[in-house]
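>>> need coordinates for the following:
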Amino acid sequence: MIQKYITDNGKLRQVDEYMPGLWINMVAPTQDESVEIARRYGVDLVDVRASLDEEESSRVEVNDDYVLVLFDIPTTEIRHDQEAYCTIPLGVIWAQDAIITVCSVETPALKYFIVNNVRDFSTKKQVRFTYQILYRTSMLYQSALRTIDRQRIEMEERMGGATEDSDIINLHELESTLVYFDTSLRANRMVVDRLTRYSGVRKFPEDQELLDDVVVENLQAIEMTQIYRDIIKGTRELMSTVIDNRLNNIMKYLTSITIVMAIPTIISGMYGMNVNGKGMPLSETPWGFGLICALTLLICILVWRVLKRRKML
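So this is what the prediction gives:
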């Protein structure tokens, strides 16, 4: 899908024809659409479709007729029948008469511009537009990180009750997501550093100020990721400790029950031996069976109380 936009008097509008100063937004483009854009703006087809490869690395490539800026953005996917975060590449191409964005899915990083929520936004200012996308991307990372932390807190609150297998799996998913975020944010930091050093375009003071904001927000997202990774690691260790402690308590309880139940088993086993009954205590007493049962019950109660006092139950 190809969408063409241009700003007039600070307002973004969608157009059908090609003209100078366009923003061409390509979402999961077909091969024919990619070829069309590549031929029209003199861009290598491989660079146009680079962001469609999920394993493509973040980078800045400077060519004679265009510049390719590739970085990772956060998005959601379905894993284990649940919505989870992941990262995918977003390509920004500075062509001669247009700025081209290419992504495999519709992303909030670009929808934010389409609904006219960005101040001082112009499709004709390629460098500033790229900085604004990077800034919005860093904010999306931070928003996703806060959501992840809220999910972790909910899991910790459920630890007081019955911890389910799904909680362990979800915690692992959160930890995996933070690994992806950390890798992508560090790669994006290299892209930002490259743009900071790139002298091929004219930079205005307001653009430099925006780039500084991008650097700050990206660093903050990296720090948040590291902090939340450490916290989730501690949560995972806590969950493992809680599960082990519950297992120990269950084993201790079952062992105590086994000890108490072994007492009547031993006594009944002794009386059930095929020996002369005259030698067995209370064997010839009219109420012998009842007395033996009462004595067995008394011994069990005493053992139960001893175990309970020693906190075995």
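>>> so, low pLDDT: which residues of the stretch 201-313 of the chain?
201-204, 274-279, 283, 312-313 (pLDDT under 70).
>>> helices of that one, residue ranges please.
For the stretch 201-313 of the chain, applying DSSP state H, counting those that start in this stretch gives helices covering 205-271, 288-309.
>>> for the last one, enumerate the helices and strands it packs against.
If contacts are counted by 3 or more CB pairs under 8 Å, 6 or more residues apart in numbering; DSSP states H and E, helix 288-309 sits against helix 205-271. Heads up, the C-betas are built off the backbone N, CA and C, glycines and all.
>>> can you list the helices of the stretch 201-313 of the chain in CSV and add distance to Ser58 and mean neighbour count?
Output for the helices of the stretch 201-313 of the chain, formatted as CSV (distance: least, CB to CB, whole Å; neighbours: other CB atoms under 10 Å):
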stretch, distance to Ser58, mean neighbour count
helix 205-271, 12, 14
helix 288-309, 62, 13
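>>> now the ones you listed in TSV, with distance to Arg40?
Formatted as TSV, the helices of the stretch 201-313 of the chain follow (distance: least, CB to CB, whole Å):
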stretch	distance to Arg40
helix 205-271	27
helix 288-309	83
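>>> among those helices, which is nearest Gly21?
For the helices of the stretch 201-313 of the chain, proximity to Gly21 was assessed by CB to CB; helix 205-271 is nearest, at 16.9 Å.
>>> compute the inter-axis angle for that closest one and helix 288-309.
Inter-element angle recorded for helix 205-271 and helix 288-309: 150 degrees (by axes from the mean of the first three to the mean of the last three CA atoms, to 10 degrees).
>>> how far off centre is helix 205-271?
In terms of CA atoms, centre = their mean, to the nearest Å, the centre of helix 205-271 is set 17 Å apart from its chain centre.
>>> now stretch 57-66
With CA atoms, centre = their mean, you get 30 Å for stretch 57-66.
>>> which residues sit against it?
41-44, 47, 67-72, 89, 93-96, 184, 187-188, 190-191, 194-195, 198, 200 (CB atoms under 8 Å, 6 or more residues apart in numbering).
>>> helices along the stretch 1-150 of the chain, start to end?
Under DSSP H, counting those that start in this stretch, the stretch 1-150 of the chain gives helices at 31-41, 45-48, 108-114, 126-158.
>>> buried ones only from the contacts of stretch 57-66, please, as a PyMOL command.
Applying 16 or more other CB atoms under 10 Å to those leaves a buried subset, and the PyMOL line that selects it is:
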select buried, resi 41+43+47+67+68+69+70+71+72+89+93+94+95+184+187+188+191+195
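>>> now do stretch 68-77, average pLDDT.
When pLDDT is averaged along stretch 68-77, the result is 87.
>>> give me the neighbour count for Glu154.
Glu154 has 11 neighbours, counted by other CB atoms under 10 Å.
>>> measure it to Ile259 for me?
40 Å (CB to CB, to the nearest Å).
>>> now do Glu56
64 Å.
>>> for Gln126, same thing?
79 Å.
>>> out of the helices of the stretch 201-313 of the chain, which comes closest to Tyr131?
Smallest distance to Tyr131 across the helices of the stretch 201-313 of the chain (CB to CB): 4.6 Å, for helix 205-271.
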